[in-house]
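K.L.:
just to be clear, the model below is a prediction. Sequence and coordinates:
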Amino acid sequence: MVQLAAFTKFVDFVYLTALPYYFPGKKKEDLSVETQLLISITCGISAGVLSAIASHPPDTILSRINMVKTPEQLAKEKIEGKPSNIQAIRGIINQLGFRGKLFFFFFFQKHLT
């Protein structure tokens, strides 16, 4: 849903705002098929990235909430207490493996040290 809405907004922005600003007098019909294809691909990639950024964190949190806990895990939580936000983020990083470490290293390095 986010991806479709973002794609539509990006395409509208390019054709209705950016194109007349940078190339006055040009319309969509004046562009070659290759240029229109390039604009569509660029807008699609941008919409996909935006969609991934918008939907991945809530999906991860929801997966963690819905995860079934064993009696051993419940007992461990009762003894140790609930983890802090930083401990929870570090746990997610460790479970995601190398790609999670890279992502958080580049984007959240200041907050985790």
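P.N.:
It's in.
K.L.:
alpha carbons only for contacts and neighbour counts from here, please
P.N.:
Fine.
K.L.:
nearest the middle, which residue of this structure would you pick?
P.N.:
I53 (1.0 Å; CA atoms, centre = their mean).
K.L.:
buried set for the helix or strand containing it?
P.N.:
Under the criterion of DSSP states H and E, I53 resides in helix 33-66. Within helix 33-66, the residues that count as buried by 16 or more other CA atoms under 10 Å are I39, S40, C43, G44, S46, A47, G48, S51.
K.L.:
any idea how far P20 is from the fifth one?
P.N.:
S46 sits 21 Å away from P20 when distances are taken as CA to CA, to the nearest Å.
K.L.:
what does the second one give?
P.N.:
The span separating S40 from P20 equals 17 Å under the rule CA to CA.
K.L.:
which pLDDT value belongs to I61?
P.N.:
pLDDT recorded at I61 is 76.
K.L.:
ok, Y15 - how many residues close by?
P.N.:
Using other CA atoms under 10 Å, Y15 has 16 other residues around it.
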